[in-house]
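Participant: take a look and give me a structure for this.
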Amino acid sequence: MTGTEVGVPEGPARILLVEDSETQALELRLLLEANGFSVERCPSAETALDHLNRSQPDLLVADYHLPGMNGDELIRQMRLSLRTRALPVLMLTGGNGGERQGLESGADAYLPKSADRDLMILRIRALLRERRPAGDAEGPGAAAFRRGRILVIDGSATYRTFLAGLMGQDGHHVSSADGPEAALAALDAAAGDDAFDCVTVDLLGHAYDGLALCRAISQRRSGQAAGAGFHLVGIAGSDPAKDFLVDAFAAGADDVVSKSDAEVLALRVRGFVRRRLLEEDDRRIAGQFGERERAVERARAEAEAAEARAGLADALERANRDLADANRQLTEAQSKLVQAAKMASLGELVAGIAHEINNPLAFILAHQGTVERLLGELPGAAPDAADRAVQKARQRVASMRMGLTRIQDLVLNLRKFSRLDEGERALVNVPEAIDTVLALIQHKLGERIAVERAFAGRTEIHCTPALLNQVVMNILGNAADAMPEGGTIRITTQSSPDLDEIRISDTGPGIPETLRERIFEPFFTTKPVGSGTGLGLAIAYSVVQAHSGSLTVETAPEGGACFVIGIPRQAASA
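Facilitator: A predicted model of the protein is given here:
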């Protein structure tokens, strides 16, 4: 049965997970939510009971070993309460041999924690097949107690007699059938008060196809209201394979039991019939309440809901205001942090840039004096001497032009790096931006560090200039600092249909494995005190994250560090 069938509540099934281990609780929660369930978790049996007083889930999954009250005692307490005595329960345990104790305490099913996760999901879906909408109650004339009705289908007369006797000891009415024809006829004849509560089918019968019969029986209950269908138990060999179990559950079986474990079969049937009778008792009791009491309860619930909605609206408004303030403060702090890191980088560049400008400037000033002197000698000079002076002046002016061009290029590169539109995304020329950064830190690289480029990726990518200015400069600066004796930096780009990558590797000492998880933490640095703020890589990491990308570090082929910047293509439309 699926969630679209008649009588099944809309929305995901709500599961209450009772597990004290944070790790195992997280693993189970992710597994259940990935399969479409809504999960709430309690770390102990005591908190689970408090939760059940406030909210009723569709199924409870409980660990047997819990701090304080154990899982079996939790289930016994639940079965004493009218509110929770019919709630389906799956018990988990880390050991073996706990199935009898788990089922006898009132659990509807049992699984070791090491069980295959696919089978766990199948078992949970089977327990939830009988989930019914709240308020689906029978009238006050329903019987307060009745005996369970069981149909045993098996080709062996001896085994049918054995099972009938075993289940009859629990007070059940047991009918039997030797094959599909008799079984389907019995199901068609049973209706109303004579309907079966549980049907067992030998899936390995030689006289018929057990899985096909299982599917045919499951179709008989597909049109019934949720909670009214019978429980279908398949009987298999001593150690059925996973594929067989999957086929059995797909055919409609709610449970699969080994044929050699007849006592376990009786326990499981007893548990289901007990829950079925308790559900009917709940509906009978609910039907005995008068319309007046229900009207009062509805009015009270509506008043409480209106009050809760008003309180929720106020709380939501306050939360939105607090969230807006926190987001504004975070944005301001992030902006200040990015600017601080950028200014720190610029401060480190000032000395080098001043040196780069000072050299051509001194060169220009020296040539300017020579040109003035030559021009002063022209009026009284002979024609030949005047021609030589003019030619020499032209050479000096050409040299001065080269120096001025060098200064102009440095200013333009600095302007590109420090432009103020870094918060806006645009198409950025990757080789040009990287060359700009390299020009600005050339004083740091000098002649001791060689730079190799291999731009095989897309020429332009959609990003903010800060991605290439701030991030690439910080990584290149760290690489230069890591190679005081010289070395090689290699910058490569590559593109795939979904990703653009920039890889920056060096031949330095590399980053120890123990430090790789910390290098992106704010204020963490391996440099001496006063030599680094510890913000460079942290800001680089946040800038890349803002592009929904990734910044990772690995070992370079030459043994140094290799930083990989990955920017997904879909970020271009962000």
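Participant: just give me the neighbour total for Glu447.
Facilitator: By the measure other Cβ atoms under 10 Å, the count of residues near Glu447 is 6. C-betas here are computed from N, CA, C, even on glycine.
Participant: pretty sure it is in a strand, no?
Facilitator: No - counting by DSSP: H, G, I helix; E, B strand; the rest coil, Glu447 is not part of a strand but coil.
Participant: relative to Gly486, how far out is it?
Facilitator: Going from Glu447 to Gly486 by Cβ to Cβ, to the nearest Å gives 8 Å.
Participant: let me see the contact set for Thr488.
Facilitator: Ile449, Ala450, Val451, Glu452, Asp506, Thr507, Glu558 (Cβ atoms under 8 Å, 6 or more residues apart in numbering).
Participant: so in terms of bridging, what pairs with it?
Facilitator: When bridges are called by DSSP bridges, Thr488 pairs up with Ala450.
Participant: gap between it and Ala479?
Facilitator: The gap separating Thr488 from Ala479 is 10 Å, by Cβ to Cβ.
Participant: which residues do those two both contact?
Facilitator: The overlap between the contact sets of Thr488 and Ala479 (Cβ under 8 Å, 6+ apart) consists of Asp506.
Participant: what is the nearest of the contacts of Thr488 to Leu52?
Facilitator: Asp506 (59.9 Å; Cβ to Cβ).
Participant: now do the contacts for the closest one.
Facilitator: Asp506 makes contact with Ala479, Ala482, Met483, Gly487, Thr488, Ile489, Arg490, Ala556, Glu558, Gly560, Ala561, Cys562, according to Cβ under 8 Å, 6+ apart.
Participant: so for the closest residue to the fourth one other than its chain neighbours, what's the pLDDT?
Facilitator: In this structure, Gly487 finds its nearest non-sequential neighbour in Thr507, 4.1 Å apart by Cβ to Cβ, 6 or more residues apart in numbering. In this prediction, Thr507 carries a pLDDT score of 90.
Participant: thought Leu49 was touching Ile75?
Facilitator: No - if you go by Cβ atoms under 8 Å, Leu49 and Ile75 don't touch, sitting 10.9 Å apart.
Participant: which of the two has more neighbours?
Facilitator: Legend: neighbour count by other Cβ under 10 Å for Leu49 and Ile75, higher for Ile75 (27 against 17).
Participant: separation between the more buried one and Ile441?
Facilitator: Distance, Ile75 to Ile441, by Cβ to Cβ: 68 Å.
Participant: what do you get for Ala189?
Facilitator: Distance, Ala189 to Ile441, using Cβ to Cβ: 89 Å.
Participant: got it, and Glu293?
Facilitator: For Glu293, the distance to Ile441 equals 81 Å [Cβ to Cβ].
Participant: more neighbours, these two?
Facilitator: Shown here are Glu293 and Ile441; by other Cβ under 10 Å, Ile441 has more neighbours (21 against 10).
Participant: low-confidence ranges, the stretch 301-450 of the chain, go.
Facilitator: For the stretch 301-450 of the chain, residues meeting the criterion pLDDT under 70 lie at 334-335, 337-356, 358-359, 362-363, 366-367, 402-403, 406, 409-423.
Participant: for the stretch 101-250 of the chain, same thing?
Facilitator: Applying pLDDT under 70 to the stretch 101-250 of the chain flags the ranges 101-104, 130-147, 170-171, 193, 223-228.
Participant: need the helices for it, in chain order.
Facilitator: Per DSSP state H, counting those that start in this stretch, the stretch 101-250 of the chain carries helices over the ranges 117-127, 157-168, 180-189, 210-221, 242-250.
Participant: for Leu267, find the nearest of these.
Facilitator: Leu267 lies closest to helix 157-168 among the helices of the stretch 101-250 of the chain, at 10.5 Å (Cβ to Cβ).
Participant: enumerate the positions of the helix or strand where Asp435 lies that are buried.
Facilitator: Taking DSSP states H and E as the criterion, Asp435 maps to helix 430-440. Going by neighbour count (16 or more other Cβ atoms under 10 Å), the buried part of helix 430-440 is Val430, Ala433, Ile434, Asp435, Thr436, Val437, Leu438, Ala439, Leu440.
Participant: can I assume the first one is in contact with Ala456?
Facilitator: No - using Cβ under 8 Å, Val430 is not in contact with Ala456, being 10.8 Å away.
Participant: so where's the stretch 451-574 of the chain uncertain?
Facilitator: In the predicted model, the stretch 451-574 of the chain carries pLDDT under 70 at residues 466-467, 522-524, 526-535, 570-574.
Participant: and the pLDDT for the nearest residue to Leu127 once chain neighbours are set aside?
Facilitator: Setting aside the residues directly before and after it, Leu127 is nearest to Pro88 in space (Cβ to Cβ, 6+ apart), at 4.5 Å. With respect to pLDDT, Pro88 scores 91.
Participant: relative to Ser496, which of the helices of the stretch 101-250 of the chain is closest?
Facilitator: Smallest distance to Ser496 across these (Cβ to Cβ): 32.4 Å, for helix 117-127.
Participant: let me know the angle separating that closest one from helix 242-250.
Facilitator: Relative orientation of helix 117-127 and helix 242-250, computed by axes from the mean of the first three to the mean of the last three Cα atoms, to 10 degrees: 20 degrees.
Participant: buried sites along helix 117-127?
Facilitator: Using 16+ other Cβ under 10 Å as the test for burial, helix 117-127 gives Met120, Ile121, Leu122, Arg123, Ile124, Arg125, Ala126, Leu127.
Participant: any idea how far the third one is from Asp255?
Facilitator: Spatial separation of Leu122 from Asp255 under the definition Cβ to Cβ is 10 Å.
Participant: and the fifth one, by the same measure?
Facilitator: Spatial separation of Ile124 from Asp255 under the definition Cβ to Cβ is 12 Å.
Participant: about what we covered before: which of the buried residues of helix 430-440 sit farthest apart?
Facilitator: Farthest apart among those - using Cβ to Cβ - are Val430 and Leu440, which lie 16.2 Å from each other.
Participant: could you tell me the end-to-end distance of stretch 438-446?
Facilitator: End-to-end distance for stretch 438-446: 11 Å, by Cα to Cα, to the nearest Å.
Participant: now swap in stretch 167-186 and tell me
Facilitator: Stretch 167-186 has an end-to-end distance of 18 Å (criterion: Cα to Cα).
Participant: tell me the gap between it and the middle of its chain.
Facilitator: Relative to the centre of its chain, stretch 167-186 is centred 47 Å away, using Cα atoms, centre = their mean, to the nearest Å.
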